[in-house]
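Colleague: predicted structure and sequence below. I'll ask about it afterward.
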Amino acid sequence: MRNGGISARIVALFALFSILLAACGGSNTGSTGGGGATTPTAQTPISVALVTDIGGLNDRGFNHLAYVGYTKAMNEFHFTRQVIESKNQADYVKNLTLAARSADLVFAVGFLMQNAVDQVAHQFPTKKFAIIDGCAVPAGKQDCESLSNVAPLFFKEQEAGCLVGAIAAQMEVDGKAKIPQLRGHNTIGAVGGLPIPPVTRYIAGYKFCAQKVDPSITVVINYSQDFAATDKCKDAALSQINQHNADIIFQVAGGCGVGALDAADQEGVFGIGVDADQNYLHPKSVITSALKKVDVAVYDTISDYAHGKFTNNPPRFDLAHDGVGYGTLSSVVPADAKNKADQFADQIRSGTLVVPETIPS
Amino acid sequence: MFWPIFLRVITSGDLWQASLQFAALLLLPALGGVISERSGVVNIAMEGMMLIGCYVGVVITLASHSVLVGLLAAIIAGGLLALVHGVVSIHLKADQIISGIAINVAALGLTNYLNIIQTGGQGIPSLASNLRLPMLSWGPLAQIPFLGQVLFQQNVVFYVTIVILIGLQFLLFRTNLGLRIRAVGEHPQAADTAGIAVRLIRYACVVASGLLSGLAGAFLALGVAGTFNSNMTAGRGFIALAAVVFGKYTPLGAAGACLIFGLGLALSVRLQDTGIDSNLLATLPYILTIIALIGLVGRTVAPAADGVPYEPGSAE
């Protein structure tokens, strides 16, 4: 009886492992990409790994864009695909260590990996690291630690937020007469995931520039406390639309925020996408997207590294460096709203308009 | 400043409508948990079964251009995954927790992987409104102030959930079959002696838990979100698991627990208007639960044979 139980357990364990292997198989597919009959290059071969945040590769935003930049570089510099998707926050150190063992340059995608990057970068001083939206922060500390082998890749999300905020506010100024779908309460909303700096920078720019267009505008801000649960962001957006009469909703919550865009579409008002161009989700109601060109940052960093120009102090990816911007405009956006955004963009590039990082009161 | 906003929030139909929807999304997998655990099989894989339901529901709906076909496929997918859990834990008598973890991990990895392959990483577009499980509005009833919005403007699956809740409570505690299910979960040897097919009942109950979780997945993806996102269940299956224990392994108890969670979730977004920190408000569902646990719920006792594989002829 007892033996029977043990053998059954072993069978079950094998079953478990085979299922796990099947599930993990995806991480290694395409590992032959870039090899074979491609033209040989003069560069020395490089080895680059990408560790995603828990949103996963197909979050339609942030992690997806990192992968787009990574793939572009992979095709150009012919390195082997090494991508690890984090399933929860406890995996960060493990995944980064795994990546650093085999690759010479490791990308950590996301602010939440700051502590893990610091720890692993100390363990592998000869390997290079780049972290998107963050820097190396020792556990229990608040501030960045400057390490020679860690490149922090920061964006000025507030500048992208500013441009879409200007578009939204100008549409409110134009009002119901010009855009009949609006509810006429001069109120716009933003649904964030967690109130972490990359999210609040977007919202800070959104509110700051909306108020610059029209000081009397109301901006309602909520956080879903989640980046994955689509229905939570939908609920937050519905409550902004139906309780506060907000009629333009800016989502800053990754895969969760797709629900906020859905709520806006369902209620016949407007949404604004984030990170990637999300106009394709609802071509009419998603009026534009605040772009954060993570793909550009990843590609540039790999390219610099391949040419021996890795720096632990890269420039901030901002409007002037084409690191942020706004995406496809829907047909409902009037010309004066686009002009407003372009006018603000020029002022930001020339330095006459400085957008704050913290949300104005 | 706090109290006027608080009063406005809790007296708005919007809050309670959202609470009931959040609660129903939790209740379906929780009812699955109740029936599985009552028959003596621990099922911690509702999360994975629900996620598979989300993915299969959306993919099949898009392929067949019929939300009904997608709904059916989601339910069946949940049931098939539960059948795997049944074979591993009833037939092979393996550790039920390990099997559950494997299913959860596999469901997350598999849906993610298939989604990347299928869409090249861009993600599935939103479903057209005729490819969704619709919201129902009950004519004049929906016009009643407050109650109309809360009770008579909900997704069609919400009403199905209510019917299942009442049906399951009746089945477990008012019918012969319910008595048998509970006997199998409490003392399978005695049940076997009395001529009850222990394994058959356990299989049926585990598969039922998968069907319910698959339905919950369809509700989330086809009814509420209108798309599939990686890990979109976001731990809901585990909260449902807590609701099972908290509700003392009864359908109505689990419904009460889900209602508290649902209210907490809806409140945590709306009370942000008062200026309370959103991080603190995010703990609200759990704080409400602890308060309810201390105040309302006494000792919870799991079915005696819960999680113990049945060996015919073993003396205990």
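Modeller: Received it, and whenever you're ready, just let me know what you need. Residues are numbered from 1 along each chain as shown, chains lettered A, B, ... in the order given.
Colleague: number of nearby residues for the closest residue to residue A:246 other than its chain neighbours?
Modeller: In this structure, residue A:246 finds its nearest non-sequential neighbour in residue A:189, 3.6 Å apart by CB to CB, 6 or more residues apart in numbering or on different chains. For the C-beta atoms, the positions are set from N, CA and C on the backbone; glycine is no exception. Residues lying near residue A:189 (other CB atoms under 10 Å in any protein chain shown) number 29.
Colleague: next up, the contacts around residue A:189.
Modeller: Going by CB atoms under 8 Å, 6 or more residues apart in numbering or on different chains, residue A:189 touches A:219, A:220, A:221, A:222, A:237, A:240, A:241, A:244, A:246, A:248, A:249, A:250.
Colleague: nearest to residue B:132 among these?
Modeller: Relative to residue B:132, the closest of the contacts of residue A:189 is residue A:237; by CB to CB it sits at 16.8 Å.
Colleague: the closest one against residue A:247, yeah?
Modeller: No - under the criterion of CB atoms under 8 Å, residue A:237 is not in contact with residue A:247, lying 11.1 Å apart.
Colleague: next helix or strand past the helix or strand where residue B:9 lies?
Modeller: Using DSSP states H and E, residue B:9 falls within helix B:2-10. Note on helix B:2-10: by DSSP H and E, the next helix or strand toward the C-terminus is helix B:13-38.
Colleague: what's the angle from that following helix to helix B:2-10?
Modeller: Calculated by axes from the mean of the first three to the mean of the last three CA atoms, to 10 degrees, helix B:13-38 forms an angle of 70 degrees with helix B:2-10.
Colleague: make CSV out of the contacts of residue A:189 and add distance to residue A:76, neighbour count and pLDDT.
Modeller: Formatted as CSV, the contacts of residue A:189 follow (distance: CB to CB, whole Å; neighbours: other CB atoms under 10 Å in any protein chain shown; pLDDT from 0 to 100):
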residue, distance to residue A:76, neighbour count, pLDDT
A:219, 42, 22, 97
A:220, 44, 20, 97
A:221, 41, 22, 97
A:222, 42, 26, 97
A:237, 40, 32, 97
A:240, 43, 30, 97
A:241, 44, 24, 97
A:244, 48, 17, 95
A:246, 44, 29, 97
A:248, 39, 30, 98
A:249, 38, 31, 98
A:250, 34, 36, 98
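Colleague: tell me the one of those residues nearest residue A:118?
Modeller: Residue A:118 lies nearest to residue A:221 out of the contacts of residue A:189, by CB to CB, at 30.5 Å.
Colleague: helix, strand or coil for that closest one?
Modeller: Here residue A:221 is recorded as strand under DSSP: H, G, I helix; E, B strand; the rest coil.
Colleague: I figured it hits residue A:359, correct?
Modeller: Yes - applying CB under 8 Å, one finds residue A:221 in contact with residue A:359, separated by 7.1 Å.
Colleague: so, low pLDDT: which residues of chain B?
Modeller: Applying pLDDT under 70 to chain B flags residues B:121, B:314-316.
Colleague: the stretch 201-350 of chain A: strands as residue ranges?
Modeller: For the stretch 201-350 of chain A, applying DSSP state E, counting those that start in this stretch gives strands covering A:218-223, A:248-252, A:270-275, A:286-292, A:324-326.
Colleague: how about the stretch 101-250 of chain B?
Modeller: Listed in chain order, the strands of the stretch 101-250 of chain B (DSSP E, counting those that start in this stretch) span B:135-137, B:153-155.
Colleague: the last one packs against which elements?
Modeller: What it means is strand B:153-155. Counting contacts by 3 or more CB pairs under 8 Å, 6 or more residues apart in numbering or on different chains; DSSP states H and E, strand B:153-155 is packed against helix B:13-38, strand B:135-137.
Colleague: quick one, which of the ones you listed is nearest to chain A?
Modeller: For these, the distance to chain A is smallest for helix B:13-38, at 5.1 Å, taking CB to the nearest CB.
Colleague: same for the helix or strand just after that closest one, what does it pack against?
Modeller: Moving toward the C-terminus from helix B:13-38, the next helix or strand (DSSP H and E) is helix B:46-64. For helix B:46-64, the packing partners by 3+ CB pairs under 8 Å, 6+ apart come out as helix B:13-38, helix B:67-86, helix B:96-119, helix B:198-218, helix B:236-246.
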